[in-house]
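K.L.:
Pasted the sequence and its predicted model underneath.
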Amino acid sequence: TAVTKTTGEADEMFEGMAPMFGLTVDQARTIPMVLAGTVEDVCDQLHRYRELYGTSYWVIHEGEVEAMAPVVAQVAGT
């Protein structure tokens, strides 16, 4: 992933990011290089990308590992 954010501030992040890529906010929400939102939102994104693209392996930047721990726990069922 290029961006991982597990907070409720995903709307602001997508609004700021979209113009940098020449995308609308709705388009920015659908690109797999960004996982953002609440823990539940990110889990939903991971499941959706697995269904759409068969993706089952993700690389998370070292600085974001701690923030992603609740996502990993929920997806793993622990």
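P.N.:
Received, thanks. Numbers count the residues shown, from 1 in each chain.

K.L.:
Residue 64 falls within a strand, correct?
P.N.:
No - checked against DSSP: H, G, I helix; E, B strand; the rest coil, residue 64 lies outside a strand; its state is helix.

K.L.:
Could you point out the helix or strand that follows the helix or strand bottoming out on mean pLDDT in the chain?
P.N.:
Taking mean pLDDT, DSSP states H and E as the measure, strand 3-5 is the helix or strand of the chain with the lowest mean score, a mean of 64. Downstream of strand 3-5, the next assigned helix or strand under DSSP states H and E is helix 10-17.

K.L.:
residues contacting residue 24?
P.N.:
residue 18 (Cβ atoms under 8 Å, 6 or more residues apart in numbering). Where you see a C-beta, it was placed from the backbone N, CA and C, and this is true even at glycine.

K.L.:
Which pLDDT does the model give it?
P.N.:
We have a pLDDT of 96 for residue 24.
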